[in-house]
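Visitor: Need coordinates for the following:
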Amino acid sequence: MIRTIAFATFAAFPVTLPYAQEVAPYLDDRSTAERVVASLYNAVNRQEYRRAHSYFAPRTAPDLSAFREGYATTQSVRLRHGEVIAEGAAGTLLFAVPVAIEAVTTEGSAVYTGCYRLSQVQPASQELPPFRPIGIDSGELSESDTPFDTAMGTCDLQ
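Guide: Residues are numbered from 1 along each chain as shown. Alright, predicted model coming up:
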């Protein structure tokens with residue numbers, strides 16, 4: 001089953017424009033792997049790069065400056081995800097989320113497909129603060145010639 005999450009499209013306009021820019025409704029949901037990925041791209045759409053960066057697990061998070069710079073020309077992103085693969089192992093929950101992303105930049109648009117891998121220590125096993133929600137361990141994306149509406153990445157838990 002494929003679910004579609006569409007975020008409001010907005011462009012980076014100069015502040016001097018006489019009208020307000022459309023902003024995607026705020027989403028920060030760390031309850032499931034697919035909602036973490038959706039929240040990541042919601043933050044990107046809202047140009048909240050520090051929040052977007054926070055969805056990565058601390059031990060595997062990319063450098064914040066490089067992460068922010070990677071979105072310098074991004075105007076909007078649409079996300080679709082496929083069926084999530086989930087597995088429990090030795091007190092840790094592992095997830096793989098296949099995705100298709102359409103990115104609109106100042107230079108045009110492109111479709112990317114790939115996979116995000118996420119994990120979480122079993123919530124019942126987390127006795128000492130701080131609580132560690134589901135976090136992104138890695139993500140791989142490749143540009144695709146397939147239209148966004150039919151494109152989809154592939155995943156495994158490796």
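Visitor: now L157: how far from T73?
Guide: Using Cβ to Cβ, to the nearest Å, we find L157 at a distance of 33 Å from T73. No exception for glycine: its C-beta is placed from N, CA and C like everyone else's.
Visitor: Also P25?
Guide: Separation of P25 from T73 (Cβ to Cβ) stands at 24 Å.
Visitor: Between those two, tell me which one has more neighbours.
Guide: Neighbour tally, P25 and T73, criterion other Cβ atoms under 10 Å: the higher count belongs to T73, 13 against 9.
Visitor: Any idea what V104 is bridged to?
Guide: S76, S109 (DSSP bridges).
Visitor: Wait, it touches N45, no?
Guide: No - the criterion here is Cβ atoms under 8 Å, and V104 misses it with N45 at 10.1 Å.
Visitor: Show me whatever sits in contact with both of the two.
Guide: By Cβ atoms under 8 Å, 6 or more residues apart in numbering, V104 and N45 have these common neighbours: 76-77.
Visitor: quick one, which of these two is more surrounded?
Guide: N45 (24 against 17).
Visitor: The more buried one contacts L79, doesn't it?
Guide: No - contact criterion Cβ under 8 Å: N45 and L79 do not qualify, at 9.2 Å.
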